[in-house]
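[1] turn this into a model:
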Amino acid sequence: QVQPVESGGGLVQAGGSLSLSCVASGRTLNTYNMGWFRQAPGKEREFVAAIRWSSSLTYYADSVKGRFTISRDNAKNTVYLQMNSLKPDDTAIYYCAAHPIGSITGLNYHYWGQGTQVTVSS
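    Residues are numbered from 1 along each chain as shown. Purely as a prediction, here's the structure:
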């Protein structure tokens, strides 16, 4: 069993940056493909970014491309999401997920964290 745990959320002004981290308890994340998702109030959960276990391939939603960077440090069992040039529309609960079933950009993952709140003020 894998339990991802997110951290790093908070309140930031538009144009600012935040860095989210995802650490897993239970077992190593090293062989899992990982994803970040978000859910804004009144909206459905959506894909943000994903990374293959080998870090060789990354994927981004069009809305965050060029502003967000996903990375991982397998030695630290941690996945990161660096968020720059934040906008009020980025306000959401951000979730880390491990081990997708099917498409790495889809919502069907085996393991989900509890989420961390990101609020961007205008």
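[2] Y60: how many residues sit nearby?
    18 (other CB atoms under 10 Å). Every C-beta, even on glycine, is put in place using the N, C-alpha and C of the backbone.
[3] what does the one 5 residues further on give?
    K65: 10 surrounding residues under other CB under 10 Å.
[4] quick check: it vs F47, distance?
    From K65 across to F47, the span is 12 Å (CB to CB, to the nearest Å).
[5] look up the closest residue to the spatially most central residue of the chain, ignoring the ones flanking it.
    Nearest residue to the geometric centre of the chain (CA atoms, centre = their mean): W36, 2.4 Å. Leaving aside its chain neighbours, W36 sits nearest to V48 (4.4 Å; criterion: CB to CB, 6 or more residues apart in numbering).
[6] the one you found: what secondary structure?
    For V48, the assignment made with DSSP: H, G, I helix; E, B strand; the rest coil gives strand.
[7] give the contact list for it.
    Residues in contact with V48 (CB atoms under 8 Å, 6 or more residues apart in numbering) are G35, W36, F37, R38, Y60, A61, V64, F68, L81, Y94.
[8] what bridges to G10?
    V118 (DSSP bridges).
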